[in-house]
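Undergrad: This is a predicted model, with the sequence first.
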Amino acid sequence: MKKDIILAGVGGQGILTIAATIGTAALLEGLQLKQAEVHGMSQRGGDVQSHLRLSSKEIASDLIPEGKADLVISIEPMEALRYVNMLNKNSGWMISSMNPFNNISNYPDLELILNEIWKLPHYITIDANKVAKEQGSVKAANIVILGAASPFLGLKYESLEKAVRNIFASKGEDIIKLNLKALKAGLHYTEKNT
Amino acid sequence: MKKLLLLGDEAIAQGAIDAGISGVYAYPGTPSTEITEYIQASKEAKDKHIKSQWSANEKTAMETAIGMSYAGKKALVCMKHVGLNVAADAFINSSITGANGGLVVLSADDPSMHSSQNEQDSRFYGKFAMIPIMEPSNQQEAYDMTRYAFELSEKFGVPVLLRVTTRLAHSRSGVVRKEDLPQNEMHLPSDLRQFVLLPSIARKQYNTLLGKQMAFEEDAEKSGYNTFIEGKDKSLGIIACGLAYNYLIENYENGKVPFPMLKICQYPAPVSMVKKLYDMVDELLVLEEGYPILEELIRGYLNNGKKVRGRLDGTIPRAGELNPNIVAKALHLPVAEGFDISEILKGRPPLLCDGCSHWDSFNALNEALEPYSSGRVLSDIGCYTLSALPPLQAINSCVDMGASITMAIGAAEAGLVPAVAAIGDSTFTHSGITGLLDAVNHKAPITVLIMDNSTTGMTGGQESSAYGRVEDIVKGVGVEESHIREIKPLKRFHEENVKVFKEELEYDGVSVIIARRECIQTLARKMKEKARLKREQKEASA
């Protein structure tokens, strides 16, 4: 088993929560992992990414080589476009939110962005804010996207559920339930749209 | 033992705790900050009474650590690469005094300048100080080598430099801990003049250091951190230093490289191992994350030996960090390509946060400066450096910590009047106070804007040494009380604030304007924490 995943978003959007959840699930399954994060200046509203590598064997590089990512998971549609060069051209999947985070003056037309994503051979685009709201709170949009990506991670769905419980343990039972629902809703969206 | 999932920085921190340190001394700086934060948050470290309070700057941190080593205990000192410039005087001289308790200096380099103003390679400093250097290639080695660095430091009686780069510092992986070692009892050096660097003593001490050089190299040969790996194809030999080793291995199925190679993680790199490789191959490729230090040494000034490839001959780009594809290209291996990046994609540079006080400070300053020609604001290092970019375009320099005030003095003395220095509270205590003293003594016609957000914002909100004391410090340095002004950087006080700036810009002497409002990131965090406590109390009473 080997999965190379790029997580993308804007500083402050919380891609590290997704990374930590996948990481925890991978550890539960006894996999090796490496996860390179961006700290420091870019976290102030700039583009951020994390390289997450899972494998049953030892992993060498902390960075995923260009053109070899199995998945790009993006919390922001324009940020998804930034990493299409990382995707494996034959088998790579793009999982992206359709909800723009517009903090620059020259943000492109959303329709143009989505059209670019829809040119890729394998993609899921999801209105994660809407789906999250339906589950109870827009704050769970991250986990909706994780749910949408869950069939491609090579991990058992139950491991992800356990990981969500771990990650949100300190926040109380209500928040755990909300995120478990969000995870499931994301999964259902992908099942319906593939 | 159970595997911990740790950042490279955290592995170093845990390694230091388990090596029996009694203190960690540091000033925050990306990518080194998380080491000290981990120790501060560690319950174990608390139980062991490990000192971990931030220092005012890297020099004071280094000196405090030397003091702890003098008193016989083990100390770790952490900084980013440019912090080592600040600490350099103490650092270089600590190799002459030598160490009593184990003394390890961690410097985190930032090739590609993700969060820095240069990409200097700290290994040069280690070589300059003539001390052993450890350069781990992964998180487990970061843990193991931190422990080993303390062992080396006490074995040879010298400080040891531990060097990491951004990718290892901020990448997470599994780490297995080893048994923890006890802290040292306090014990002074047997020679109480060992740390007195009077010329007569320093000459003796320096000779002692020179005399240890062969032993450092022998250790680097035997420690197991430098390894020779056989390969059948002798047309090329590869030397891979630290993290570069991973990018090399990544390019071969099951990590089987066909060429003989040398993995270097401890310096001085043993000549015998390099020679063995050099003699058996047709040409060499040197992979280093950072400057071509080893490459230059092997290549030599005249470059008249076997062909040595690397950053100097263009095989690898001269600047920037390595990655698997750069290494693949250097080896003429096929490189995968993803999809083309669309032309509609726009850059998304980092920004000051919405609601940040710096917006209001600089909007007022910009307006007050409108009557004057542009280019008058010398600034410094912090979140506010981002105000150089549109839309604010408010500052004209960012060189090194504290340089705003001193550069403003120089510019004013060259005729740029008024000149403004814009500096944050933490940077002010790091290296601005002495500059302000110069300004007072020079009676320089400068206006100093101290943006007091009560924290070290850029690195994530660590405590600021000046907390609650900026006025007292400024007064103590000798700025006239009538020209120490406080403003509240908020939109609703904009007109008032512009007026204060205008008045002080006209003053022919040193004035200090303190713009005080808490960082909105730390404020939000505090409010969240408050709400959480309230919720818990409510749940407990229900």
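TA: Nice, thanks for sending it over. Quick caveat, the model's predicted, so the values are computed rather than measured.

Undergrad: now for the helix ranked longest in chain A, which elements pack on it?
TA: In chain A, with assignment by DSSP state H, the single longest helix is helix A:173-192. Applying 3 or more Cβ pairs under 8 Å, 6 or more residues apart in numbering or on different chains; DSSP states H and E, we find helix A:173-192 packed against strand A:123-126, helix A:128-135, helix A:141-149, helix A:157-167. All C-beta atoms are positioned from the backbone trio N, CA, C, and that covers glycine.

Undergrad: For the stretch 301-450 of chain B, list the residues in contact with chain A, please.
TA: By the rule Cβ under 8 Å from any Cβ of the partner chain, the part of the stretch 301-450 of chain B lying against chain A is B:323-325, B:328, B:335-342, B:344-353, B:383, B:386.

Undergrad: Would you mind pulling the contact partners of the longest helix along chain B?
TA: In chain B, with assignment by DSSP H, the single longest helix is helix B:520-541. Outside helix B:520-541, the residues that touch it by Cβ atoms under 8 Å, 6 or more residues apart in numbering or on different chains are A:172, B:353-357, B:453-455, B:457, B:460-461.

Undergrad: closest to residue B:288 among the residues you listed?
TA: Closest to residue B:288 out of these is residue B:460 (29.6 Å), distances taken as Cβ to Cβ.

Undergrad: Quick one: mean pLDDT for the longest helix of chain A?
TA: Taken as a whole, helix A:173-192 has a mean pLDDT of 97.

Undergrad: Got phi/psi on residue B:171?
TA: Main-chain torsions, residue B:171, degrees, to the nearest 10: phi -120, psi 140.

Undergrad: For it, give its distance to chain A.
TA: 4 Å (Cβ to the nearest Cβ, to the nearest Å).

Undergrad: pretty sure that residue contacts residue B:8?
TA: Yes: judged on Cβ atoms under 8 Å, residue B:171 makes contact with residue B:8 at a distance of 5.9 Å.

Undergrad: which one of these two has more residues nearby?
TA: Between residue B:171 and residue B:8, counting by other Cβ atoms under 10 Å in any protein chain shown, residue B:8 is the more crowded of the two (32 against 26).

Undergrad: quick one: low-confidence parts of the stretch 251-400 of chain B?
TA: For the stretch 251-400 of chain B, no stretch has pLDDT under 70.

Undergrad: same thing with chain A?
TA: Ranges of chain A meeting pLDDT under 70: A:40-42.

Undergrad: Quick check, residue A:59 in contact with residue A:35.
TA: No: using Cβ under 8 Å, residue A:59 is not in contact with residue A:35, being 10.0 Å away.

Undergrad: Please list all residues in contact with residue B:417.
TA: B:445, B:508.

Undergrad: so where do the helices sit in the stretch 1-150 of chain B?
TA: Along the stretch 1-150 of chain B, the segments classed as helices by DSSP state H, counting those that start in this stretch run B:8-18, B:33-41, B:43-47, B:58-70, B:81-97, B:123-129, B:139-156.

Undergrad: buried sites along the fifth one?
TA: If I follow you right, that is helix B:81-97. Of all the residues in helix B:81-97, those buried under the rule 16 or more other Cβ atoms under 10 Å in any protein chain shown are B:81-88, B:90-97.

Undergrad: How about the longest one?
TA: Of the residues in helix B:139-156, those scored as buried under the neighbour-count criterion (16+ other Cβ under 10 Å) are B:139-150, B:152-154, B:156.

Undergrad: again, but for the second one
TA: Along helix B:33-41, the positions that meet the burial threshold by neighbour count (16+ other Cβ under 10 Å) are B:33-40.

Undergrad: Also the third one?
TA: Residues of helix B:43-47 classed as buried: residue B:45 (neighbour count, 16+ other Cβ under 10 Å).

Undergrad: burial count for residue 117?
TA: Just going to use chain A. Residue A:117 has 21 neighbouring residues, counting by other Cβ under 10 Å.

Undergrad: if you could check chain B rather than the one you did, that'd help
TA: The number of residues near residue B:117, taken as other Cβ under 10 Å, comes to 13.

Undergrad: what do you get for the one 5 residues further on?
TA: Around residue B:122 sit 29 other residues, with neighbours defined as other Cβ under 10 Å.

Undergrad: what's near enough to touch it?
TA: Residue B:122 neighbours (Cβ under 8 Å, 6+ apart): B:81, B:84, B:107, B:109, B:161, B:163.

Undergrad: mind listing what residue 169 touches?
TA: Since you didn't name a chain, this refers to chain A. Residue A:169 touches residue A:176, counting by Cβ under 8 Å, 6+ apart.

Undergrad: Let me rephrase: I mean chain B.
TA: Counted by Cβ under 8 Å, 6+ apart, residue B:169 has contacts B:7-9, B:31-32, B:34, B:108.
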